[in-house]
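Novice: what's the 3D shape of this:
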Amino acid sequence: MSNFSFSSSANTGANNAITAKTTGTGNGNYFGIYSQVDGSSGGQSAIYAFSTATSSIFNAGLQAAAVGSTSGTNYGIYVSAQNGATNWAGWFGDGNVKIENTLEVDGAIRFTGGSPAID
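Specialist: Purely as a prediction, here's the structure:
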């Protein structure tokens with residue numbers, strides 16, 4: 001299934017199977033990990049992440065943060081979907097969606113099932 005396989009285990013502390021760090025000072029974009037998949041059949045995912053731990057704290061399939069000191073904007077998640085018959089930049093299949101701060105929508109809001117509840 002894979003060309004490279006890494007595994008790691010520890011009883012305490014942080015445990016990483018793969019660590020990547022990129023540092024730059026010039027112009028341009030810097031990527032800690034860049035992944036591209038090219039295929040013509042089946043589903044294609046450049047990054048597939050999941051957590052199957054039995055933690056009593058939390059499990060996260062993907063955890064991301066942007067904490068850089070910048071005069072610009074930090075995005076925890078920045079996604080795009082293009083060139084398909086249908087394009088969804090975000091799709092949440094199972095589970096609820098929670099927003100702890102402000103939700104800003106630049107466009108229409110469409111409800112396709114149920115009734116919207118505002119508490």
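
Novice: how far away is Gly113 from Phe92?
Specialist: 14 Å (C-beta to C-beta, to the nearest Å). For every residue, glycine as well, the C-beta is placed using N, CA and C.

Novice: okay, those two: which has more neighbours?
Specialist: Applying other C-beta atoms under 10 Å to Gly113 and Phe92 shows that Phe92 carries more neighbours, namely 8 against 4.

Novice: can you give me the helices in the chain?
Specialist: In order along the chain, the chain carries no helices (DSSP state H).

Novice: got a list of what the residue nearest to Ala66 when sequence neighbours are not counted touches?
Specialist: In space, and not counting its chain neighbours, Ala66 is closest to Asn74: 3.7 Å by C-beta to C-beta, 6 or more residues apart in numbering. Each residue near Asn74 by C-beta atoms under 8 Å, 6 or more residues apart in numbering is listed here: Ala66, Val67, Gly68.

Novice: 10 Å - rerun?
Specialist: Contact criterion C-beta atoms under 10 Å, 6 or more residues apart in numbering gives Ala65, Ala66, Val67, Gly68 as the residues in contact with Asn74.

Novice: export those to TSV and tack on neighbour count, pLDDT and distance to Ser7?
Specialist: Listed next are the contacts of Asn74 as TSV, based on neighbours: other C-beta atoms under 10 Å; pLDDT from 0 to 100; distance: C-beta to C-beta, whole Å:
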residue	neighbour count	pLDDT	distance to Ser7
Ala65	8	88	25
Ala66	11	87	29
Val67	7	88	29
Gly68	7	84	31
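
Novice: farthest-separated two in those residues?
Specialist: For the contacts of Asn74, the maximum inter-member distance is 9.8 Å, found between Ala65 and Gly68 (C-beta to C-beta).

Novice: and the pLDDT for the residue most central in space within the chain?
Specialist: Centroid-nearest residue in the chain: Leu62, 5.4 Å away (criterion: C-alpha atoms, centre = their mean). The per-residue pLDDT reported for Leu62 equals 85.

Novice: not counting sequence-adjacent ones, nearest residue to it?
Specialist: Ala49 (5.0 Å).
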